[in-house]
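Enquirer: okay, predicted coordinates and the sequence, questions at the end:
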Amino acid sequence: QQNETFILCNCTMARCIENNTIEIIPYECPPLENITCTNGKKPVLAYDEYYCCQHYVCDCVCEGWGDPHYITFDGLYYSYQGNCTYVLMEEISPHHNLKIYIDNVHCDPTEDVSCPRSIIISYGSQVITLINYNLIGAVELEALQDGVPLKLPYWQNGVKVLNSGLNLIYEIPRLKVVITFGIIGFSANLPYQYFGRNTQGHCGTCTNNQADDCMLPGGQLVESCAVMADYWPAKHIHQPDCQVPSVPPTTGPQPTPTPMTPCKPDSICHLLWSSVFEKCHPFVSPNNFYQGCVFDSCHMSNPTVECTSLQIYAAACAQAGVCLHWRNHTKICASNCPSDKVYKPCGPAEPPTCDDDLNEPTLNFTTEGCFCPDGMKLFNKESGVCVDKCVPVIICQECTCTNVVDTRTGLLKISCEFLQCNEKCDQGFEYVEPDSDECCGKCVQTHCILNLNGTKELLLQGQSWSPSGSQCEIYTCVSTAGALATVSSQIVCPPFQQDNCEPNTIQTAANGCCKICVEKEKACKIVPVKTKITHKDCQSIEEVELPYCEGSCNTYTKYSELAAAMEHSCSCCKETRSTFRFIDLHCLNGDVVHHKYIYVEACSCDLSECSQTASKARKRRSY
């Protein structure tokens, strides 16, 4: 329609004027406007739908912990104690085929409360479960696919799964999705660029508006997310059927007020507001985490559950760039790292190893966990063994693991031997030592190899050679397409007439092929020429040799005292030997005529009678 605008390509816009005429107009980006994220996170830049202009958005970050407490994508806090498998997040309109489920189970013998036992992630055609088998004591984490444990680290079908010792980390690099799952807590980090305004479930809607977070299937909003959570059982996961309210609520019941102070005198919840976490307060508010900690203090018989509130808050602080050493300020939140590892609150999700590939992308995400001590690194991603020195990867060595135990390290010794390089090269090639990280050199061609009549000739690049007895045939070594090859050529000599040479001057040219001589100066000589013979309407197809005679002869006029008159002597440069030759001429009417012509074989000066006309002309000039 007239004045309607639309995007063409490469951030170019067109506007319809009239009569099927359009004008090209620039696609102007609006100025950047700062926004405030309701979830307390820092805004990030994202492209518009045409990938032309950037604007600030709030990424979708959902957190859950304890028995359990949720902070939605938009930062709304609520607690829910349902005992089933629920939809934590799914797309309203499926674009990336990502669904996240949470499996909650009863976790306290004295209270009717539940804890997250596992996170189930369905992406594409694969379903991976992150599970903790021990909800009370030390964490026992495992990743499963179709009920079969995965060997970590795992990277297949666009999915990475890692284990930091305290957390399992699930990543979809293409979508920049990162999901962590620990003792009884989780976090789901989804970019707004791909999932904004298109999520529903326990984690809410990711619209940067808390008012629409408590949404039921179908789009109805209720006042309490604790009520909303009942309506999101997982229908596609093999779990017992859950009780779902048959009638949606008309008004949401008021949630049970959370106590403002812990119910246990030795609670560690106060640490969230203490100097231990003080550096993080300007970036992430501890209020929701403190509420969850107080709730757990009053409703869970296991005091270590309080640790999850501190753990999740510390993880949120780490993502905001604030690293906190908090576990050593408690007596009940031990890291339980093995003896060969040390606890770090902000370590790399993918720790460095001896066999790292610098071209392989790594997860840019920090997590707390059990890591190698400073100055050591993992032998490889699979072993989990820390070494203080990597075995030098020398490509000129072949190393094998022996059965001999190193008494100092307790590890099996490695035996290495240098590779034996094959330095023997074929004829025409020379061995060149490597000038890079390669182990062995290689054979480089230095000569062309010419096989001729059972013999071999080696030619350097640019060198030419002719066989004896055939000096007009030349073979030259040239470089083509990065290789040396021999090309042959033939010298074509110009026509040579021995009769035109001064006596004893005939010799062979420097090329060893053609004859040359000192020609007679202005003397009568035969001149070689090639031309087509024409007779009437007929002509030869190819040029033929048709030499002719040309040059000066001894012609003079002088006074004779004896005759008392002018004496004339004339000589003419003419043929002295010739033959008849025959050739076929092709005519315009299609006939072929057998034609005879004269071929001059020798020339010389021959006396002839001086013409009277020439004599009279000379007499007139003498007056």
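Expert: The structure has been received and is ready for your questions. Residues are numbered from 1 along each chain as shown.
Enquirer: burial check on Pro282, number of neighbours?
Expert: Look at Pro282: counted by other CB atoms under 10 Å, it has 9 neighbours. Using the backbone N, CA and C atoms, a C-beta is placed for each residue, glycine as well.
Enquirer: got it, and the one 4 residues further on?
Expert: Other residues within reach of Pro286, judged by other CB under 10 Å, total 22.
Enquirer: count the residues that sit near the nearest residue to it once chain neighbours are set aside.
Expert: Using CB to CB, 6 or more residues apart in numbering and skipping residues adjacent in sequence, the residue nearest Pro286 is Leu272, 4.2 Å away. By the criterion of other CB under 10 Å, Leu272 has 25 neighbours.
Enquirer: SS state for Leu272?
Expert: Here Leu272 is recorded as helix under DSSP: H, G, I helix; E, B strand; the rest coil.
Enquirer: measure it to Glu306 for me?
Expert: 10 Å (CB to CB, to the nearest Å).
Enquirer: which neighbours do those two share?
Expert: Counting by CB atoms under 8 Å, 6 or more residues apart in numbering, the common neighbours of Leu272 and Glu306 are Cys293.
Enquirer: what about the helices in the stretch 51-200 of the chain?
Expert: With DSSP state H, counting those that start in this stretch as the criterion, the stretch 51-200 of the chain has helices at 192-195.
Enquirer: which stretches of it have low pLDDT?
Expert: Filtered on pLDDT under 70, the stretch 51-200 of the chain yields the residue ranges 137.
Enquirer: Cys587 touches Ser540, doesn't it?
Expert: No. Contact criterion CB atoms under 8 Å: Cys587 and Ser540 do not qualify, at 11.1 Å.
Enquirer: more neighbours, those two?
Expert: The neighbour count for Cys587 versus Ser540, taken as other CB under 10 Å, is higher for Ser540 (17 against 13).
Enquirer: from Glu550, how far off is that one?
Expert: Computed as CB to CB, the Ser540 to Glu550 distance reads 23 Å.
Enquirer: go through this structure and flag its longest strand.
Expert: Ranked by residue count under DSSP state E, the longest strand found in the chain is strand 565-587.
Enquirer: list the buried residues for the following helix or strand past that strand?
Expert: Where DSSP states H and E defines the elements, the next helix or strand beyond strand 565-587 is strand 592-608. The neighbour-count check on strand 592-608 (16 or more other CB atoms under 10 Å) flags His595, Val600, Cys603, Ser604, Cys605 as buried.
Enquirer: mind listing what strand 592-608 pairs with, with the direction of each?
Expert: When sheet partners are counted by DSSP bridges, strand 592-608 sits next to strand 565-587 (antiparallel).
Enquirer: could the C-alpha coordinates of the partner strand be exported in PDB?
Expert: The C-alpha trace of strand 565-587 is given here as PDB (Å, rounded to 0.1, in the frame of the first residue of the first chain):
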ATOM      1  CA  ALA A 565      83.400   6.000 -78.200                       C
ATOM      2  CA  MET A 566      81.500   5.100 -75.000                       C
ATOM      3  CA  GLU A 567      81.800   1.500 -74.100                       C
ATOM      4  CA  HIS A 568      78.800  -0.200 -72.300                       C
ATOM      5  CA  SER A 569      79.000  -3.300 -70.200                       C
ATOM      6  CA  CYS A 570      75.800  -4.700 -68.600                       C
ATOM      7  CA  SER A 571      75.200  -7.700 -66.400                       C
ATOM      8  CA  CYS A 572      72.000  -8.800 -64.800                       C
ATOM      9  CA  CYS A 573      71.200 -10.700 -61.500                       C
ATOM     10  CA  LYS A 574      69.400 -13.700 -62.900                       C
ATOM     11  CA  GLU A 575      68.800 -17.400 -62.200                       C
ATOM     12  CA  THR A 576      71.500 -19.700 -63.300                       C
ATOM     13  CA  ARG A 577      69.800 -22.900 -62.200                       C
ATOM     14  CA  SER A 578      66.100 -23.600 -61.800                       C
ATOM     15  CA  THR A 579      63.600 -26.400 -62.000                       C
ATOM     16  CA  PHE A 580      60.000 -26.900 -62.700                       C
ATOM     17  CA  ARG A 581      57.800 -27.800 -59.800                       C
ATOM     18  CA  PHE A 582      54.100 -28.700 -59.600                       C
ATOM     19  CA  ILE A 583      51.300 -27.700 -57.200                       C
ATOM     20  CA  ASP A 584      47.600 -28.100 -57.000                       C
ATOM     21  CA  LEU A 585      45.600 -24.900 -57.100                       C
ATOM     22  CA  HIS A 586      42.000 -24.700 -55.800                       C
ATOM     23  CA  CYS A 587      39.700 -22.700 -57.900                       C
END
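Enquirer: pLDDT on that strand, on average?
Expert: Strand 565-587 shows a mean pLDDT of 91.
Enquirer: quick check: closest non-adjacent residue to Gln319.
Expert: Of all residues not flanking Gln319 in the chain, Thr366 sits nearest, at 7.3 Å (CB to CB, 6+ apart).
Enquirer: Glu350 is in contact with that neighbour, correct?
Expert: No. Taking contacts as CB under 8 Å, Thr366 lies outside contact range of Glu350: 10.7 Å.
Enquirer: who has more neighbours out of those two?
Expert: Glu350 (22 against 18).
Enquirer: tell me how far the more buried one lies from Gln539.
Expert: Taken as CB to CB, the span from Glu350 to Gln539 is 86 Å.
Enquirer: equivalent analysis for Thr579, please.
Expert: For Thr579, the distance to Gln539 - CB to CB - is 22 Å.
Enquirer: have a look at these two and say which one is more surrounded.
Expert: Neighbour tally, Thr579 and Gln539, criterion other CB under 10 Å: the higher count belongs to Gln539, 14 against 8.
Enquirer: what are the ranges of the strands in the stretch 201-350 of the chain?
Expert: Here the stretch 201-350 of the chain has its strands, by DSSP state E, counting those that start in this stretch, at 342-348.
Enquirer: any weak-confidence spans in it?
Expert: 236, 238-241, 246-262, 265.
Enquirer: would you map the helices across it?
Expert: Counting by DSSP H, counting those that start in this stretch, the helices of the stretch 201-350 of the chain are 225-228, 287-299, 306-319.
Enquirer: let's have those helices in JSON lines, adding mean neighbour count and distance to Leu45.
Expert: Putting those into JSON lines (neighbours: other CB atoms under 10 Å; distance: least, CB to CB, whole Å) gives the following:
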{"stretch": "helix 225-228", "mean neighbour count": "22", "distance to Leu45": "29"}
{"stretch": "helix 287-299", "mean neighbour count": "23", "distance to Leu45": "26"}
{"stretch": "helix 306-319", "mean neighbour count": "25", "distance to Leu45": "17"}
